[in-house]
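the sequence and its predicted three-dimensional model are supplied below.
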Amino acid sequence: MIGPLWRVRSLGYMRHTRQMKILMIIAEYYPVVGGAQKECRNQAEMFCKKGINVMILTQYIKGLPEYEEINGIPVFRKIRAFNPWGPSYILSTLIFLVRKRKLYDIIECFGIFYYTAASVVMKYIWKKKVINRLECAGENGDLKRIKVMKYRVFIKMTWKKVDKIIAITKEIYGDLIHNGVHKEDIVFIPNSVNTDYYSPPISKARNYPLKILFVGRLSEQKGVDILLRAMHEVIGRCFNSFLTVVGDGPLRRELEEQVNDLKITEYVTFVGNTNDVIRHYHDSHILVIPSNWEGLPLVLLEGMACGLAIVASNLGGIREVIQDGINGLLFPMGNGKELASKIIYLIKNPEAATEMGRISREKAVSHFSLIKNIQSYLELYESLLVE
């Protein structure tokens, strides 16, 4: 197992030797909801509780204020872009970074993007420490995306010049090594989950109807169309089973039409976005993650923490967390028939499903707790500040 790939010197001496001031930069932030946004928000709120100054910079979204505080965190929607889009994005970010330079010492970038280039400028001119966190690997990962971006030259010239790069999965770590990043410049810190909040319900009836759950953005990445095809087969063999789809996105209307075409409308409910996702975790028996590509999805960790039986695509960080047949079931990405068979197996073997959920809960607590994750980040920040 990969451990932290850096050493922290004299932690007892370093702790609280200076007030940390952190700026997090992310392309989109709340009310846009996704895994990266959740992780950013969780980190920021935990840092704030520990008395650390933290603020968030993100893109301007029409209809939203340029500045507001969300749960005590200052959020600046100050990044604006126009033609030429890439250079103007970098310039807009850089103007903010220069004007607010006294308010932060460390910049943490979520994903490699144009703001990475602006952050590296601040590293060399104003000695700011810069961390870049990668969200995904493979054909749809951060490093692959650089190669097809317009004005990519700015990013290609700068992304390796940050102080540390965070890999949230072993697959991302391998991608970085393959692309020439030195081991000592990589830090392995996986995503995390608040295992106190996301926990199993006190009791849950295993009787029918059996409830299957999907949580996520309704986009090509998430593979909901594959799940719907699988549900058509599941319902044909286990008619008292129902699917709840939590989330919204560009494919919602198309997916609702697919449900109509498959004649399973009475078995599938589209909930849309909700602030009460945990209620759906507690009401459900099986969580399905049918993604076409992923890093380490927070939905997976939340479902594990809630003790759900999980069926997921065999890819990315998912297969680093789910041991097939031990704490969940994996199926070949895009294979609706295999997905259906895995769901049917769990429906017909409730004891196995319950045991997988129990093991997943234990793994979430021992390996992916938010408290341990925050401590890893704090140690990384402290190590950078004393360099």
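Here it is on my side, so go on.

where does the stretch 151-300 of the chain have low pLDDT?
By pLDDT under 70, the weakly predicted segments of the stretch 151-300 of the chain are 205-208.

swap in 90 and give it another go.
With pLDDT under 90 as the threshold, the stretch 151-300 of the chain has low-confidence stretches at 202-209, 239.

please enumerate the strands of it.
Applying DSSP state E, counting those that start in this stretch to the stretch 151-300 of the chain gives strands spanning 164-167, 186-188, 210-215, 241-246, 268-272, 286-289.

do I have it right that L380 meets I189?
Yes - counting by CB atoms under 8 Å, L380 does reach I189; the two are 7.4 Å apart. Where C-beta positions appear, they are placed from N, C-alpha and C, glycine not excepted.

any idea how the chain splits into domains?
Domain assignment for the chain by automatic domain parsing gives 11-190+370-385, 210-367.

hey, where'd the helices end up in the stretch 51-200 of the chain?
In the stretch 51-200 of the chain, the helices defined using DSSP state H, counting those that start in this stretch lie at 85-99, 114-126, 142-146, 152-156, 170-178.

just these: most buried one?
For the helices of the stretch 51-200 of the chain, ranked by mean neighbour count under the definition mean count of other CB atoms under 10 Å, the leader is helix 114-126 at a mean of 21.

avg pLDDT for that one?
Regarding helix 114-126, the rounded mean pLDDT is 98.

who are the packing partners of that helix?
helix 85-99, strand 106-110, strand 129-134, helix 152-156 (3 or more CB pairs under 8 Å, 6 or more residues apart in numbering; DSSP states H and E).

can you count the residues close to G236?
By the other CB atoms under 10 Å criterion, the neighbourhood of G236 contains 11 residues.

hmm, back to that, right, and the strands of the stretch 151-300 of the chain - which one's nearest K123?
With respect to K123, and counting by CB to CB, the nearest of the strands of the stretch 151-300 of the chain is strand 164-167 at 11.4 Å.

now do the closest one: everything it contacts.
Contact partners of strand 164-167, identified using CB atoms under 8 Å, 6 or more residues apart in numbering, comprise 6, 131-134, 173, 176, 181, 185-189, 380, 384.

sorry, back to before: distance to I25 for the helices of the stretch 51-200 of the chain - can I get that in CSV?
Conversion of the helices of the stretch 51-200 of the chain to CSV gives the following (distance: least, CB to CB, whole Å):
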stretch, distance to I25
helix 85-99, 7
helix 114-126, 5
helix 142-146, 14
helix 152-156, 14
helix 170-178, 19
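
quick one: closest of those helices to Y60.
helix 85-99 (8.7 Å).

and the closest one, what other elements does it pack with?
strand 53-59, strand 73-79, helix 114-126, helix 152-156.

let me have the domains of the chain in JSON lines, adding distance to Y197 as columns.
Conversion of these to JSON lines gives the following (distance: least, CB to CB, whole Å):
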{"stretch": "domain 11-190+370-385", "distance to Y197": "9"}
{"stretch": "domain 210-367", "distance to Y197": "7"}
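
please identify the deepest-packed of these.
Between the domains of the chain, the one whose residues have the most neighbours on average, counting mean count of other CB under 10 Å, is domain 210-367 (a mean of 20).

distance of Y267 from Y60?
When CB to CB, to the nearest Å is applied, the distance between Y267 and Y60 equals 41 Å.

do the same with Y197
Y197 is 31 Å from Y60, by CB to CB.

follow-up on the earlier one: using JSON lines, lay out the helices and strands packed on helix 85-99 together with distance to L262.
What follows is the helices and strands packed on helix 85-99, written out as JSON lines (distance: least, CB to CB, whole Å):
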{"stretch": "strand 53-59", "distance to L262": "37"}
{"stretch": "strand 73-79", "distance to L262": "40"}
{"stretch": "helix 114-126", "distance to L262": "41"}
{"stretch": "helix 152-156", "distance to L262": "41"}
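
closest one to V234 among the ones you listed?
When the helices and strands packed on helix 85-99 are compared for distance to V234 using CB to CB, the nearest one is strand 53-59, at 39.5 Å.

centre of the chain versus that closest one, how much separation?
Per CA atoms, centre = their mean, to the nearest Å, the displacement of strand 53-59 from the mean C-alpha position of its chain is 18 Å.

just stretch 99-118 next, same as before
Remark: stretch 99-118 is offset 19 Å from the chain centroid, using CA atoms, centre = their mean.

residues contacting P290?
Contact criterion CB under 8 Å, 6+ apart gives F214, K222, G223, V224, I226, L227, A230, A312, S313, L339 as the residues in contact with P290.

state the phi and psi torsions of it.
Its backbone dihedrals place P290 at phi -100, psi 30, with angles given as degrees, to the nearest 10.

how near is G174 to I95?
In this structure, G174 and I95 are separated by 36 Å, where distance is defined by CB to CB.

nearest to G307, out of the helices and strands packed on helix 85-99?
Minimum separation from G307 across those (CB to CB) falls at strand 73-79, 30.1 Å.

the closest one pairs with which strands?
The strands that strand 73-79 pairs with in its sheet are strand 53-59 (parallel), strand 67-70 (antiparallel) (by DSSP bridges).

returning to what we had before: so which of the helices of the stretch 51-200 of the chain is nearest Q19?
Put simply, out of the helices of the stretch 51-200 of the chain the one that sits nearest Q19 is helix 114-126, at 17.4 Å, with distance taken as CB to CB.

now what about the closest one, what contacts it?
Residues from elsewhere that reach helix 114-126, judged by CB under 8 Å, 6+ apart: 25, 27, 57, 79, 86, 89-91, 93-94, 97-98, 101, 107, 109, 128-130, 132, 151, 154-155, 157-159, 161-163.

what's the angle from it to strand 53-59?
Angle between the axes of helix 114-126 and strand 53-59 is 130 degrees (criterion: axes from the mean of the first three to the mean of the last three CA atoms, to 10 degrees).
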